[in-house]
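Engineer: here is my input; please provide its structure:
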Amino acid sequence: MGMDVGSKGGVRSDINITPLVDVVLVLLIIFMVLTPLMEKEIGVRVPEDIPPDQITEPPPPDLTQVVFKVDEAGNFHINNETLTDANLMDRLKAYYKLSKSKEATQGPPVIFFDAEDKAKYVRVVKALDSIRDSSSGWTIGMMTESIKSETAPAPTPGTPGETPGATPGGTAPTPPK
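Structural biologist: Residues are numbered from 1 along each chain as shown. Prediction:
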């Protein structure tokens, strides 16, 4: 006979991957079919708009940008208006509504945040939390000081890094011809 039935070398150690591929393809098909069917729904209750006659705070003045500042004493200011902890959220919401109403002409609502260097950290974090809690639509821009505004002092003769034999103007003398 020309066929050898049986193994002369003993037990074979290579794996038969055909059943493994079959199982993986079946799992792939199951996940492809079930994924679109697994819609997760979350119940959301959207707050109702407050009628204009129930708003106690006057609307903010007509502005092009909103600047929120925390001063050294920990007081909050929006543009030229000083706020208390009690009316902070109401005023932020009013400014957001005004900025949102001008979104078509001025772009998305942006609030610029500025905290003085000596302001207490707790007050600064409270201010940022209040902005975030008033509306998730705010884009917060952090205001910083420009480094270029500081003038560098003029170098004095004999300071390190200066060319030896240089004149006080900073240029080296030219050799005679």
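Engineer: only C-alpha atoms from now on, for both contacts and neighbour counts.
Structural biologist: OK.
Engineer: which residue ranges of this protein form strands?
Structural biologist: 66-70, 76-78, 81-83, 110-115, 139-142 (DSSP state E).
Engineer: out of those, deepest packed?
Structural biologist: strand 66-70 (a mean of 21; mean count of other C-alpha atoms under 10 Å).
Engineer: longest helix of the protein, counting residues only.
Structural biologist: Secondary structure of the chain per DSSP state H: the longest helix is helix 18-34.
Engineer: adding mean pLDDT and distance to Leu28, write the strands of the chain out as a markdown table.
Structural biologist: A markdown table is the format used below for the strands of the chain (pLDDT from 0 to 100; distance: least, C-alpha to C-alpha, whole Å):
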| stretch | mean pLDDT | distance to Leu28 |
| --- | --- | --- |
| strand 66-70 | 90 | 52 |
| strand 76-78 | 91 | 56 |
| strand 81-83 | 89 | 59 |
| strand 110-115 | 90 | 46 |
| strand 139-142 | 86 | 42 |
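Engineer: for Leu20, find the nearest of the ones you listed.
Structural biologist: Of all those, strand 139-142 sits nearest to Leu20, with 51.4 Å by C-alpha to C-alpha.
Engineer: direction included, what does the closest one pair against?
Structural biologist: According to DSSP bridges, strand 139-142 has the following sheet partners: strand 110-115 (parallel).
Engineer: the partner strand vs strand 66-70, what angle?
Structural biologist: 20 degrees (axes from the mean of the first three to the mean of the last three C-alpha atoms, to 10 degrees).
Engineer: thinking again about what came up before, Ile29: which of the strands of the chain is closest?
Structural biologist: Short answer: strand 139-142, nearest of the strands of the chain by C-alpha to C-alpha, at 43.0 Å.
Engineer: rewinding a little: and the strands of the chain as CSV, adding distance to Lys40?
Structural biologist: Putting the strands of the chain into CSV (distance: least, C-alpha to C-alpha, whole Å) gives the following:
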stretch, distance to Lys40
strand 66-70, 38
strand 76-78, 41
strand 81-83, 42
strand 110-115, 33
strand 139-142, 29
